[in-house]
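Asker: one predicted model, sequence on top.
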Number of protein chains: 2
Amino acid sequence: MFFHTALFRWKEGTTPQEVAAVRSALEAMVPDIPEIRHYRVGADAGLVEGNWDFVVVADFDDEAGWRAYTAHPVHQSIIAELIRPLVAERAAVQSAG
Amino acid sequence: MFFHTALFRWKEGTTPQEVAAVRSALEAMVPDIPEIRHYRVGADAGLVEGNWDFVVVADFDDEAGWRAYTAHPVHQSIIAELIRPLVAERAAVQSAG
């Protein structure tokens, strides 16, 4: 088991529509990447002051699965076109648990 | 379904023994909090420059489950005694997915 977690802070002025487009694109990508065992994305629930804005948690069998996900062209295109323009800060960890 | 994700950067000089103590204490806490559906902690695998150091992903049925976890005295004591002294930065998101 190997899992990847990324948290994001969006730039000021990021719209709910832009975030919804990120989310839809990521969810639509999942069937394209068979190495993904489980995939969750979500906006922060707004319960804690100072929280970040958005989370991705992706599970794989192993590091190779994560590498396939990271390098996948559909994923790379979502990052370049939809995510990167919105990102103020990003924090990530990959872990074997 | 409601999940909580926290990423940490440890202070310079944090030792592997201190991190192992955090991990053991969190894992030992899980049976004390019946609202936890699934719990994962892990150190960063060291594959990506700039990654953060440590991750917690906790799953609950709902927001109330997360609140029970957050407020639980064993959890609070681990935060105060083992985690907070080591934390340089913390980023968290709670999400209904």
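Answerer: All right, it came through fine.

Asker: three-state assignment of the residue lying farthest from the centre of chain A?
Answerer: The C-alpha centroid of chain A is most remote from A:E49, which lies 21.6 Å away (C-alpha atoms, centre = their mean). With DSSP: H, G, I helix; E, B strand; the rest coil as the basis, A:E49 sits in coil.

Asker: for chain B, see how far away it is.
Answerer: 11 Å (C-beta to the nearest C-beta, to the nearest Å). For every residue, glycine as well, the C-beta is placed using N, CA and C.

Asker: one more: A:P31?
Answerer: A:P31 is 18 Å from chain B, by C-beta to the nearest C-beta.

Asker: what does A:D53 give?
Answerer: As for A:D53, its distance to chain B is 7 Å (criterion: C-beta to the nearest C-beta).

Asker: leaving aside the residues next to it on the chain, what's closest to that residue?
Answerer: Counting by C-beta to C-beta, 6 or more residues apart in numbering or on different chains, A:D53 lies nearest to A:W10, which is 4.9 Å off, once chain neighbours are set aside.

Asker: bridge partners for A:A92, pull those for me.
Answerer: A:A92 has the following beta-bridge partners by DSSP bridges: A:A6.

Asker: what about the strands in chain A?
Answerer: A:2-10, A:38-43, A:54-60, A:87-95 (DSSP state E).

Asker: possible to save the ones you listed as TSV with mean neighbour count and mean pLDDT?
Answerer: What follows is these, written out as TSV (neighbours: other C-beta atoms under 10 Å in any protein chain shown; pLDDT from 0 to 100):
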stretch	mean neighbour count	mean pLDDT
strand A:2-10	22	98
strand A:38-43	17	96
strand A:54-60	23	98
strand A:87-95	18	98
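
Asker: how about those in JSON lines, adding distance to B:I79?
Answerer: Listed next are the strands of chain A as JSON lines, based on distance: least, C-beta to C-beta, whole Å:
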{"stretch": "strand A:2-10", "distance to B:I79": "19"}
{"stretch": "strand A:38-43", "distance to B:I79": "23"}
{"stretch": "strand A:54-60", "distance to B:I79": "20"}
{"stretch": "strand A:87-95", "distance to B:I79": "19"}
